[in-house]
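Engineer: just the structure for this:
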Amino acid sequence: MLLLDTALLLLALVIILAGAELFTNSLEHVGQRYQLSEGLVGSVFAAVATALPETVVPVIAVFFGGSDRTVREGIGVGAILGSPLMLITLAMALIALVTGLKRGWNVELKPELSGLLRDLGYFLVAYAIAFLGLFVPREPAGIHAVAGFCLVFLYTFYVYNTVRASAALVHRGHGTTAGAALHLKHTKLPHALALELVQLVIGLAFIVGGAKLFITGVEHVAAATGISVLVLSLIIIPVATEMPEKFNSILWVRRGKDTLAFGNLTGAMVFQGTLLPAFGLQLAGWTPDHDVVWTMGITIAMALWTLLLALRRRLTPVALLVNGVAYMLFFLLIVPH
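Structural biologist: Okay, the predicted model is just below:
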């Protein structure tokens, strides 16, 4: 039975990756068509697209999971918190590994700096609000709802600022260019905006369907192994649902598109550090549990570390390997519990 559940998780992963590839490929073509900046495409459009599994998982788990509310909310909280941690630690370390082997360990990575600093700044402010929300009592009612509204407003303002900066970035040479032909072009249909949008929708459908399969697999694995659903959700779900960001960012950084690579990760972090915690704050499971506090603490620490590297122009592969060490620390702290 456990073997079957593992096969289900792997199938969900394949579906998610296929959807992300279709979506990102079409998104590059749409960005090129409308002369959008790499910062806007990476930090908003690609980030939101590849963050869809992480968004869908907690919502579906809480409202349409099983009959046990504690299990449902455990999966939801784990999916919400595990994703930003995975991006700022493991995903950044993978970028460091790929670029270190290809370009050298002490060569500075050069994403467009203003966008990177904007993403990390917004994320840190939002995540600090979410972190403080762990320690705020549920009574009087309404405090968590207000905090959630503030996080939604913060993301809206972030998107507004990113869109406003797009035209200037294109003028400075940071426009989006498609790295490969549209996949649906192989069907011999004429390459037009409609075909790009059709591929976009197909990619989204794959991503959402894969996320639903993953929820089922995690619930079954938790029941079979006796491991806490919160721990499983913090580790297994982010590894799978964040694969689109890792995969796309690695491809982009190998092609020298550092702005798209970093924007895809940090833009997803802003999305996941605002809208998802806004939902999580309303759950009874949003409490200062040992695993939750360590997860959020390490995430904030690594976001500050990456921000410091960017400000000091020392965003090198060897420095970003520290982010990978932080993930190993997280694993050692969480798994025993």
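Engineer: pLDDT weak spots in the stretch 151-300 of the chain?
Structural biologist: 166-179, 211, 215, 218-219, 222-223, 225-230, 232-233, 239-245 (pLDDT under 70).
Engineer: just the helices from it, written as ranges.
Structural biologist: Assigned by DSSP state H, counting those that start in this stretch, the helices in the stretch 151-300 of the chain fall at 193-225, 229-241, 243-254, 258-280, 290-311.
Engineer: of all those helices, which lies closest to Thr55?
Structural biologist: When these are compared by CB to CB, helix 258-280 sits nearest Thr55, at 6.4 Å. From N, CA and C alone the C-beta is placed, and that goes for glycine too.
Engineer: out of the helices of the stretch 151-300 of the chain, which is closest to Ala326?
Structural biologist: For the helices of the stretch 151-300 of the chain, the distance to Ala326 is smallest for helix 290-311, at 5.1 Å, taking CB to CB.
Engineer: mean confidence for stretch 131-146?
Structural biologist: Stretch 131-146 shows a mean pLDDT of 87 in the predicted model.
Engineer: hang on, I meant stretch 98-113
Structural biologist: Over the span of stretch 98-113, the pLDDT mean works out to 92.
Engineer: return the set of buried residues in that stretch.
Structural biologist: Within stretch 98-113, the residues that qualify as buried are Val98, Thr99, Gly100, Arg103, Leu109, Pro111, Glu112, counting by 16 or more other CB atoms under 10 Å.
Engineer: how near is Pro84 to Ala284?
Structural biologist: Distance from Pro84 to Ala284, counting by CB to CB, to the nearest Å: 21 Å.
Engineer: any chance of the helices of the stretch 151-300 of the chain in a markdown table, with distance to Ala147 too?
Structural biologist: Converted to a markdown table, the helices of the stretch 151-300 of the chain look like this (distance: least, CB to CB, whole Å):
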| stretch | distance to Ala147 |
| --- | --- |
| helix 193-225 | 26 |
| helix 229-241 | 21 |
| helix 243-254 | 26 |
| helix 258-280 | 8 |
| helix 290-311 | 14 |
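Engineer: so which of these gets nearest Cys150?
Structural biologist: Taking the helices of the stretch 151-300 of the chain one by one with CB to CB, helix 258-280 is closest: 8.2 Å.
Engineer: what's the closest one packed up against?
Structural biologist: helix 38-40, helix 47-50, helix 52-64, helix 69-86, helix 92-103, helix 113-133, helix 143-171, helix 243-254 (3 or more CB pairs under 8 Å, 6 or more residues apart in numbering; DSSP states H and E).
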